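Q: would you be able to build a 3D model of this:
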Amino acid sequence: MATEHPHKQRLARFIRQVWDEGDVDASGAYLGETYTIHHDPGDPCDGMILDLAGFKDRVRQSRAAFPDQRFAIQGMFADGDSVVMSWLWAATHSGDLPGFAATGKTIRMSGATVYGFDDRVRLTGHWQVTDRLGVYWQLRHNMTHEG
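A: Okay, here's the model as predicted:
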């Protein structure tokens, strides 16, 4: 995948360092003054404007049940100050979620996210669609087929 565009390069580093490796403290090197979650149905932060501390809390909470999560970037498309990233995600369900005790099973999800950048190539927010229903089905299936 070609990542010649500076926004694409920065986004790939951000995904790897912050989301995949869990280096939450590195978030400040990538984010603008605020980070807006414009559209992300099923995410408790949908519609919120987060400061750096709020963003870090979101990452920690998202990784708590899936500490080994990894995003496999399928494609990136840059247009002006936005980058669309399609991705596949996989993680081991190692921590409890409301209604779902940890199963130790791998959960998979796919999605596409449009990331916005400011004039200093800092992330300012996202608009995302993802298969959360598929995640719910996998969690239910894993709980009913244990043993």
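
Q: how about the residue nearest the centre of the chain, nearest residue that isn't a chain neighbour?
A: To find the centre residue of the chain, average its C-alpha atoms and take the closest one (Cα atoms, centre = their mean): that gives Trp19, at 6.4 Å. Nearest non-adjacent residue to Trp19, counting by Cβ to Cβ, 6 or more residues apart in numbering: Phe71, 5.9 Å away. No exception for glycine: its C-beta is placed from N, CA and C like everyone else's.

Q: distance of that neighbour from Ala65?
A: 16 Å (Cβ to Cβ, to the nearest Å).

Q: likewise Ala29?
A: Here the criterion is Cβ to Cβ. By it, Ala29 lies 26 Å from Ala65.

Q: tell me which of those two has more neighbours.
A: The neighbour comparison of Ala29 against Ala65 (other Cβ atoms under 10 Å) goes to Ala65, with 19 against 13.

Q: not counting residues beside it along the chain, what's closest to that one?
A: Residue nearest to Ala65 in three dimensions, not counting chain neighbours: Gly95, with 3.8 Å by Cβ to Cβ, 6+ apart.

Q: that neighbour and Ala112: what is the separation?
A: In this view, Gly95 and Ala112 are 26 Å apart by Cβ to Cβ.

Q: sorry, back to before: hang on, the residue nearest to the centre of the chain is in a strand, isn't it?
A: No: assessed by DSSP: H, G, I helix; E, B strand; the rest coil, Trp19 does not belong to a strand; its assignment is helix.

Q: OK, contacts around it?
A: With contact taken as Cβ atoms under 8 Å, 6 or more residues apart in numbering, Trp19 is in contact with 59, 63, 69, 71.

Q: same check on Trp127?
A: By Cβ under 8 Å, 6+ apart, Trp127 lies in contact with 38-40, 113-114.

Q: what's the closest non-adjacent residue to Ala72?
A: Leu88 (4.5 Å).

Q: what strands line up against the host helix or strand of that neighbour, and which way round?
A: Here Leu88 is covered by strand 82-92, with elements defined by DSSP states H and E. Strand partners for strand 82-92, identified by DSSP bridges, are recorded as strand 70-79 (antiparallel), strand 106-117 (antiparallel).
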